[in-house]
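S.K.: Attaching a predicted model along with its sequence, questions to come.
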Amino acid sequence: MNGSTPFVPLKKAGLDPQAESLVRKIKAFKEERRALILAHNYQIGEVQDVADYVGDSLELSRYAATTDAETIVFCGVHFMAETAKILNPSRRVIVPDLKAGCPMSDMITPEEVDRLRSLHPGAVVVTYVNSPAAVKAKSDICCTSANAVKIVRSIPPDRPVIFIPDQFLGDYVQRATGRNLILFEGFCPTHMRIMASDIETARKEHPKALVIAHPECQPEVAMKSDVVASTSRMARAVQESAVQTVVVGTELGMIYRLQKENPEKEFIPACSTCDCANMKVNSLEKILWSLEDLSPEILLPGEIVEKARKALDRMLEVG
Ligand code: 13P
Ligand code: SF4
């Protein structure tokens, strides 16, 4: 189903008294716990509004790596909180809900990395951050959707590259760099829902619209879009464009930030069922409880942290 009607944000500006009280308590606890709240661009509006920083995976990694806050409350999905812990292991990293996973991340295992390495000796393993810590620990370098092209370009052209786990981001990188990558068949079930026909219909209905899409979308969708970028780069592209109507080819939560930053523009979801249930399990209540209890906490074996850190540090150095 394509979204021919403008998007109505989940929560309009202005909180009800119960939410206001939760926000006051969160702020008080945050101070007491010397905590930093990070939220991904797909989080529900209330969660974005209470966060210290809202961003894409790369930006949130950088905030996590450099903060001197005692506790990081990570409002996103599990691999993002793990990444924060790996980059800043002396900090306590807590999440509002441990059940916020990422199906794409679950598609790849450390054993699969071993198998791919044995099939392609000498290859460099580039791992999208949407992956478990144990997989990062077996990788040479990580990437996010914001820097994947740059990371692959940094690898000498004579070295084969294994790109895991997202075949569609990998495909996008192949087209952008002109390099052949050894791809794994992982994908995002949420972005998979957007069809090329959705973009065609939206373009017919909104001929002047700017069409933005995430590189996790299927290649036919990416190729039909004007801007293919990470979530924060999409936000920048919208701010820099004079176009009034924007067709959004990514997870629906993104529209809250876009609408907030561009109240005069109209946002049309490319697909009105493109929502990631995992990104939506966090709430104000759960943030408050996690701050009260300092739990659930992300804990990782030291050996995994040490190895995964190398792949993430290499990424931050390059991209
Ligand atoms: P970004 O790094 O672009 O924010 O994307 C993360 C993600 O999970 C997209 O589905
Ligand atoms: Fe994972 Fe897709 Fe959800 Fe992003 S949108 S967290 S890739 S399932």
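M.R.: Now that the structure is in, tell me what you want to look at. The shown structure was predicted, so the numbers you read here are calculated from the model rather than taken from an experiment. Numbers count the residues shown, from 1 in each chain. Ligands and ions are numbered 1, 2, ... in the order given.

S.K.: Kindly report the residues of the stretch 101-250 of the chain close to ligand 1.
M.R.: Selection of the stretch 101-250 of the chain residues close to ligand 1 by CB under 6 Å from any ligand atom yields 130, 144-145, 188, 214, 216, 230-231. Where you see a C-beta, it was placed from the backbone N, CA and C, and this is true even at glycine.

S.K.: Now for the residue nearest in space to the middle of the chain: which residues touch it?
M.R.: Most central in the chain under CA atoms, centre = their mean is S57, positioned 4.6 Å from the mean C-alpha point. With contacts defined as CB atoms under 8 Å, 6 or more residues apart in numbering, the neighbours of S57 are 40, 76, 80, 83, 129-130, 144-146, 230.

S.K.: May I ask which of the residues you listed has the most neighbours?
M.R.: T83 (31 neighbours; other CB atoms under 10 Å).

S.K.: For the helix or strand encompassing that one, give the mean pLDDT please.
M.R.: T83 is located in helix 78-87, with elements delineated by DSSP states H and E. Average pLDDT, helix 78-87: 98.

S.K.: try stretch 25-40
M.R.: Mean per-residue pLDDT for stretch 25-40: 98.

S.K.: and it, is it in reach of ligand 2?
M.R.: No: Stretch 25-40 is not in contact with ligand 2 by CB under 6 Å from any ligand atom; minimum separation 8.0 Å.

S.K.: tell me which residues of that stretch are tucked away?
M.R.: Within stretch 25-40, the residues scored as buried using 16 or more other CB atoms under 10 Å are 25-26, 29-30, 33, 35-40.

S.K.: cool, stretch 188-199 as well?
M.R.: 188, 190-196, 198-199.

S.K.: What ranges does the stretch 151-300 of the chain have for its helices?
M.R.: Taking DSSP state H, counting those that start in this stretch as the criterion, the stretch 151-300 of the chain contains helices spanning 167-177, 196-205, 219-223, 231-240, 254-261, 284-293.

S.K.: hang on, the earlier thing: now go through the contacts of S57 and say which are in helices.
M.R.: Among those, the subset assigned to helices under DSSP state H consists of 80, 83.

S.K.: Tally up the residues packed near the residue in the stretch 201-319 of the chain that ligand 2 sits nearest to, please.
M.R.: Closest to ligand 2 within the stretch 201-319 of the chain is C276: 3.3 Å, counting by CB to the nearest ligand atom. The local packing of C276 (other CB under 10 Å) involves 22 other residues.

S.K.: now do P110
M.R.: 17.

S.K.: Against ligand 2, how distant is it?
M.R.: For P110, the distance to ligand 2 (CB to the nearest ligand atom, to the nearest Å) stands at 19 Å.
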